[in-house]
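>>> Output the structure for:
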Amino acid sequence: MVTAETVENLSEVGSDLKVENLRSQGENTPPEISYVQSLAKGYHDSEDIDQDNRCGSRVIVGECDNGHQFLKILYCGKEWCSNPKCVEHTWKRRIARALPKVAVMEEAGYFVFTLPTEMREVFKVRENLAELRRCVKRKLKRTYPDLRAITRWHWFGDSNLGKFHPHLNILVDALQKIPGEDLKELKRYYKELLERISGVNIGDKKIDLWYSYLKTKGRIVHAVKYIMRPTFLIYERDLAERLKGFRNNVYWGRWRDQTYEEIEREAVRREANTKIKPEVVLLSNKICPVCGKPIVWYSKIYSAAYTVIAQEIDQGYYYRVKDDNFSDWFRDWGL
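Below is the predicted model:
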């Protein structure tokens with residue numbers, strides 16, 4: 001049986017993310033094809049929820065219209081992965097993908113919807129989590145029709161990494177301080193929603209619903225880094241099995257497509273804060289950092305040994321292929 005071993009507390013957001021091995025290697029190793037397919041498709045489509053020590057040992061090739069070629073390391077993306085590079089780089093990729101949306105947010109509101117202890121067991125079911133998020137979205141959109149949002153669930157709190165404490169983070173743009181009556185109505189609705197979905201009546205107990213107005217871009221970026229961080233750091237197989245297939249990061253609203261120049265400019269501005277190179281932000285958004293053309297990532301998977309013929313970008317997540325001539329290399333090597 002696979003069990004949790006040890007984990008460091010996450011350091012303050014903005015510093016490097018360092019996580020010790022979270023659990024021991026399981027006895028049963030899934031077939032090669034199952035593992036490779038899970039890397040290509042991502043954790044959510046994989047039948048195997050356990051960690052495999054081959055995480056990070058494969059790459060795929062990307063190419064833009066002008067022939068610039070890159071390699072992308074395939075990480076499993078599981079929050080409890082024992083590979084610290086996987087945990088860190090997956091976290092950075094989530095931030096990088098959100099930055100184009102952050103670029104158009106001049107001000108934002110930040111909601112945190114928590115769940116009472118009495119109801120948490122019910123929300124280990126992904127259908128209930130999805131319904132709660134969907135209904136909260138509907139309520140906010142009806143109250144503020146033009147809202148756009150970045151949403152993500154946190155599964156555990158900072159004080160106890162082993163205690164299930166789900167809470168829904170919602171970052172919305174163009175929303176300033178909320179009138180007291182609006183917030184009171186939102187709390188009333190949220191309490192009724194929780195009781196309806198869970199079937200648990202909590203009487204006069206108050207619901208924790210936190211809201212903050214973020215009036216600077218720096219605070220918005222900090223909130224995105226916090227929201228995107230992993231919280232499921234200690235492996236629990238039963239909970240992982242229940243959450244398998246659940247889409248956690250969800251964006252809603254109408255977002256204007258950013259140009260290559262706009263995304264690059266925002267990435268350069270935020271590099272000191274995010275600790276993410278602009279090249280990584282562009283590649284994470286399928287844009288060539290050399291010429292700005294769209295990148296296509298091919299589905300065929302190769303050994304990470306091919307990274308020796310490429311130049312590393314940002315400590316081993318993306319690589320630039322030397323001379324943009326990958327086809328010649330793999331014909332000669334046959335890996």
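>>> need the contact list for the most centrally placed residue in the chain.
What sits nearest the mean C-alpha location of the chain, by C-alpha atoms, centre = their mean, is Arg94, with 4.2 Å. Shown in contact with Arg94 (C-beta atoms under 8 Å, 6 or more residues apart in numbering): Met228, Asn249. Heads up, the C-betas are built off the backbone N, CA and C, glycines and all.
>>> Please apply the same query to Thr114.
Counting by C-beta under 8 Å, 6+ apart, Thr114 has contacts His165, His167, Ile207, Asp208, Leu209, Trp210.
>>> roughly how far apart are the residue nearest to the centre of the chain and Gly162?
23 Å (C-beta to C-beta, to the nearest Å).
>>> Can you list the helices and strands that the helix or strand Val280 falls within packs against?
Secondary structure from DSSP states H and E places Val280 in helix 278-284. With contacts taken as 3 or more C-beta pairs under 8 Å, 6 or more residues apart in numbering; DSSP states H and E, helix 278-284 sits against helix 84-102, helix 260-274, strand 310-313, strand 318-321.
>>> So which of these is nearest Glu131?
Across the helices and strands packed on helix 278-284, Glu131 has its closest neighbour in helix 84-102 (23.4 Å, C-beta to C-beta).
>>> right, and the helix or strand after that closest one?
strand 108-114.
>>> Show the average pLDDT along that next one.
For strand 108-114, mean pLDDT is 95.
>>> What of stretch 276-292?
Averaging pLDDT along stretch 276-292 gives 95.
>>> where do the strands sit along the stretch 151-300 of the chain?
Using DSSP state E, counting those that start in this stretch, the strands of the stretch 151-300 of the chain run over 164-173, 209-214, 250-252, 295-303.
>>> Using TSV, lay out these together with mean pLDDT, distance to Glu79 and mean neighbour count.
Shown next, in TSV, are those (pLDDT from 0 to 100; distance: least, C-beta to C-beta, whole Å; neighbours: other C-beta atoms under 10 Å):
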stretch	mean pLDDT	distance to Glu79	mean neighbour count
strand 164-173	95	13	21
strand 209-214	92	22	16
strand 250-252	93	16	15
strand 295-303	93	23	13
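>>> Tabulate those strands (a markdown table), appending distance to Cys76.
Shown next, in a markdown table, are these (distance: least, C-beta to C-beta, whole Å):
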| stretch | distance to Cys76 |
| --- | --- |
| strand 164-173 | 22 |
| strand 209-214 | 32 |
| strand 250-252 | 21 |
| strand 295-303 | 13 |
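>>> Tell me which of those sits nearest to Phe70.
Of all the strands of the stretch 151-300 of the chain, strand 295-303 comes closest under C-beta to C-beta, at 7.0 Å.
>>> do you know how far the residue nearest to Gly162 when sequence neighbours are not counted is from Glu88?
Counting by C-beta to C-beta, 6 or more residues apart in numbering, the nearest residue to Gly162 once its immediate chain neighbours are dropped is Ile234, at 5.3 Å. Distance from Ile234 to Glu88, counting by C-beta to C-beta: 17 Å.
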